[in-house]
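> I would like the atomic coordinates for the input below:
(one chain, ligands or ions: 3)
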Amino acid sequence: MTRGGGGIALIPTSPEQPRNRDSHYPYRADSYFQYLTGFTEPEAVLVIVVGRGDTAPQSILFCREKNMEREIWDGFRHGPDGARDAFGFDAAHAIGELDAKLAELLADRSVLWFSIGQDAGWDNRIAAALNRVRAESRSGKHAPAIIRDVRAELDAMRLVKDATELDIMRRVATISTGAHSRAMRFVAPGRFEYEVEAELLHEFRRQGCEFPAYTSIVAGGPNACVLHYVGNDQILRDGDLLLIDAGGELNGYASDITRSFPVNGRFSGPQADVYSLVLDAQAAAIAAVRPGATFADPHEAALKVLAQGMIDLKLLSGTLDAAIESESYKRFYMHRTSHWLGKDVHDAGEYKAGENWAPLAPGMVLTIEPGCYIRPADDVPKAFWNIGVRIEDDAVVTADGCEIITDAAPKKIADIEALMRDGRGG
Ligand code: GLY
Ligand code: MN
Ligand code: MN
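Ligands and ions are numbered 1, 2, ... in the order given. All right, here's what the predicted structure looks like:
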C-alpha cells in the first residue's frame, strides 16, 4: 500500500565544470531544469510538490543567495526572493537550506520523481534525505514508497514544442542560416578550416547566440568523410568540397544545419552528381514528413533515392531491392536521416512507441540530413574519391506536412554558386 499522498519531483541543474585552476567551462544550465524554469544560474534545484491532503501544488526553487562579495567578482545573482518574483515560483530558498528542508518535503509523499543515476552526488544526497525520513518513522513519517525517473515524463513534454519554443527555434535557425551563407561567401582555396569556423562563431555570437549548439564541423576534402571531424585545422584546397555542420544555440534551443559546397565556388561534374543525389534524397525525405507518418519514414524515403543513385553512379552493383535488403548502401551512408531537435541537438524524446517507430505529430522538430561519403577504394570510380556530402535542414511537423526552418541557407547548386561568385565580387 502506498502511504501518504501526492508526489514530489526534484530537478537539479547542471554542476559547473572546472576546466583547470580557477577557470571553468562556460556554464550551461541542465536542459530539463531550464525547460521547466528558464532559470540559468548554477547551484539550483527545482522542487515541485503536489498534494498531501492539505496543500496546493507548489513550485519551489533553491538557489544561490545574494552575495555582494561574489557578485563583485562573478556577476549578478537573483537570490531566492529575486528569483521567486522574476520567474514566478511559489517559494524560493537558499540552496544551503536544501538538505535541512529535504526530509520535510519528502515526508508522507507517495511518489518521488527524480533523474535516477544522472549524477552520483545527487543520488547519494537524496538517498541520505530518504534515510532521514525513514529514521523518523516512529514519529509517524513515511518516505516515498515509489521512486520514478522524471525524465520519461519530461522527455514526452519536450518532444512537442509549443508556440514560444518554435518561435525561438525559428530565430536560431535563421541566425544559423546566416552563418552558413557568411561561410560560403568567405571560403576560398588557401583559407584554413579554422578561419571558416571563426566566421561561423562570429555570426552566431554577434546575433545573440549564447553558444554554438555543438562543436562545429568544418571538413575540407577527405575530412568530410569523417562523420564527427572537429579538428578544423587543415587548409582548403582548390577542387575540393567543404562540408560544414554547424548551428547556434539561442535561449537554450539548438539549430543543426549542414551544407556542402566547393571550395572554389564551382561544382565539378562528379561533385555535382553526388550532391544532386543527396539533394534529391533530402527532398524525398522532406516530402515524407507529415502527421501520421512515422519517424522512420523520412529515412526510408531517403534510402531508396540514395541507394538507387549509388547504383546509377556505379558505386554499388545489383538491384535497389538487393541494396536495401543487404544494406550495402551503408558503406557510403552509414548514419540515420533524422533525430529530434530542441534544447539538445540530439533532443529528448523516444524514437519508438513500443515496437513501432514513433508517429510524427504537429510541433515535433526533427532534422533531415542524408549524406554520401565516398572513401578511396579500388572498386570505387576514382572520380568520386574523397567526396563527402551531407545536406541537413530542420523540419517542424505541421498540421499537413512540415515547415523547413533552415531553408534560407542556399542548397541548390545554382544558388550556392551564385552566392560564392557574388560574395567574391566577381
Ligand atoms: N550535428 C550533429 C548532427 O548532425 O547530428
Ligand atoms: Mn543533425
Ligand atoms: Mn548536424
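> list the contacts of the residue of the stretch 301-426 of the chain at minimum distance from ligand 2.
Nearest residue of the stretch 301-426 of the chain to ligand 2 (C-beta to the ion) works out as T367 at 4.2 Å. Heads up, the C-betas are built off the backbone N, CA and C, glycines and all. The neighbourhood of T367, defined by C-beta atoms under 8 Å, 6 or more residues apart in numbering, consists of 256, 338-339, 341, 392-395.
> same check, this time on N232
Per C-beta under 8 Å, 6+ apart, neighbours of N232: 193-194, 196-197, 216-219.
> circling back: ramachandran angles for the residue of the stretch 301-426 of the chain closest to ligand 2?
For T367, the backbone dihedrals (degrees, to the nearest 10) come out as phi -90, psi 160.
> what residues are bridge-paired with it?
D394 (DSSP bridges).
> quick one on the thing from earlier: farthest-separated two in the contacts of T367?
H339 and D393 (12.8 Å; C-beta to C-beta).
> doesn't A143 fall inside a strand?
No. Looking at A143 with DSSP: H, G, I helix; E, B strand; the rest coil, it is coil, so not inside a strand.
> is it true that it touches E136?
No. Taking contacts as C-beta atoms under 8 Å, A143 lies outside contact range of E136: 9.1 Å.
> more neighbours: the two, which one.
More neighbours surround A143 than the other of A143 and E136, with 22 against 14 (other C-beta atoms under 10 Å).
> give me the more crowded residue out of H339 and D393.
D393 (24 against 17).
> quick one: contacts for the more buried one?
Applying C-beta under 8 Å, 6+ apart to D393 gives the contacts 257, 282, 286, 367-369, 404-407, 411.
> pretty sure A44 contacts E65?
No. Assessed by C-beta under 8 Å, A44 is found out of contact with E65, at 11.5 Å.
> which SS state does the most centrally placed residue in the chain fall under?
Nearest to the geometric centre of the chain sits V345, at 1.0 Å (C-alpha atoms, centre = their mean). On the three-state scheme (three-state DSSP), V345 is labelled coil.
> quick check, it in contact with G248.
No. Taking contacts as C-beta under 8 Å, V345 lies outside contact range of G248: 10.8 Å.
> give me the common contacts of those two.
213, 254.
> any idea of the pLDDT on the residue nearest to the centre of the chain?
Confidence at V345, expressed as pLDDT, is 98.
> same deal with the one 10 residues further on?
Turning to E355, the model gives it a pLDDT of 94.
> number the chain from 375, please
Yep, numbering from 375; the last one is E729 now.
> look up how far L651 lies from it.
For E729, the distance to L651 (C-beta to C-beta, to the nearest Å) stands at 32 Å.
> who has more neighbours, the two?
Neighbour tally, E729 and L651, criterion other C-beta under 10 Å: the higher count belongs to L651, 21 against 5.
> which residues touch the more buried one?
L651 neighbours (C-beta under 8 Å, 6+ apart): 679-680, 683-684, 687, 746.
> run the last query once more with 7 Å
680, 683, 746 (C-beta atoms under 7 Å, 6 or more residues apart in numbering).
> with A517 instead?
480, 504, 507-508.
> the helices in the stretch 675-800 of the chain, which residues?
Under the criterion DSSP state H, counting those that start in this stretch, the stretch 675-800 of the chain contains helices at 694-700, 787-797.
> okay, now R402: neighbour count?
R402 has 17 neighbours, counted by other C-beta under 10 Å.
> in what helix or strand does it lie?
Under the criterion of DSSP states H and E, R402 resides outside all helices and strands.
> now do E445
helix 442-448.
> R451 now?
Assigned by DSSP H and E, R451 falls outside every helix and strand.
> tally of neighbours for it?
R451: 18 neighbours (other C-beta under 10 Å).
> quick one, phi/psi of it?
phi -120, psi 140.
> which residues sit in contact with it?
Neighbours of R451 in contact, by C-beta under 7 Å, 6+ apart: 415, 438, 440-441, 445.
> show the buried residues in those residues.
415, 438 (16 or more other C-beta atoms under 10 Å).
> please enumerate the strands of the stretch 575-724 of the chain.
Secondary structure of the stretch 575-724 of the chain by DSSP state E, counting those that start in this stretch: the strands cover 585-586, 591-594, 615-620, 622-624, 627-628, 631-636.
> swap in the stretch 375-524 of the chain?
381-386, 392-394, 397-398, 419-424, 432-437, 465-468, 485-488, 520-523.
> partners of the second one, with directions?
Right, the one you point to is strand 392-394. In the sheet, strand 392-394 lines up with strand 397-398 (antiparallel) (DSSP bridges).
> do the first one as well
Partner strands and pairing direction for strand 381-386 (DSSP bridges) are strand 419-424 (antiparallel), strand 485-488 (parallel).
> contact residues of the chain facing ligand 1?
Contacts of the chain with ligand 1, taken as C-beta under 6 Å from any ligand atom, map to 588, 619, 630, 713, 719, 743, 766.
> contacting ligand 2 as well, which ones from these?
Among the residues of the chain next to ligand 1, proximity to ligand 2 is found for D630 (C-beta under 5 Å from the ion).
> how about TSV for the residues of the chain next to ligand 1, with distance to A735 added?
Formatted as TSV, the residues of the chain next to ligand 1 follow (distance: C-beta to C-beta, whole Å):
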residue	distance to A735
Y588	26
D619	27
D630	20
H713	16
V719	21
E743	21
E766	22
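> which of the residues of the chain next to ligand 1 sits closest to L533?
L533 has its nearest neighbour among the residues of the chain next to ligand 1 in H713, at 11.8 Å by C-beta to C-beta.
> go through the contacts of L651 and name the one nearest L610.
Nearest to L610 among the contacts of L651, with distances taken as C-beta to C-beta, is C746, at 20.3 Å.
> quick check: beta-bridge partners of that closest one?
Assigned bridge partners for C746, using DSSP bridges, are V763.
> for it, give its distance to ligand 1.
15 Å (C-beta to the nearest ligand atom, to the nearest Å).
> residues contacting that residue?
Counting by C-beta under 7 Å, 6+ apart, C746 has contacts 648, 651-652, 680, 706-707, 763.
> dump these to a markdown table, plus pLDDT and distance to ligand 2.
Below are the contacts of C746 laid out as a markdown table (pLDDT from 0 to 100; distance: C-beta to the ion, whole Å):
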| residue | pLDDT | distance to ligand 2 |
| --- | --- | --- |
| V648 | 98 | 19 |
| L651 | 98 | 19 |
| V652 | 99 | 14 |
| L680 | 98 | 17 |
| F706 | 98 | 18 |
| Y707 | 98 | 14 |
| V763 | 98 | 15 |
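> correct me if wrong: A553 contacts L574.
Yes. A553 is within contact range of L574, at 4.7 Å (criterion: C-beta atoms under 7 Å).
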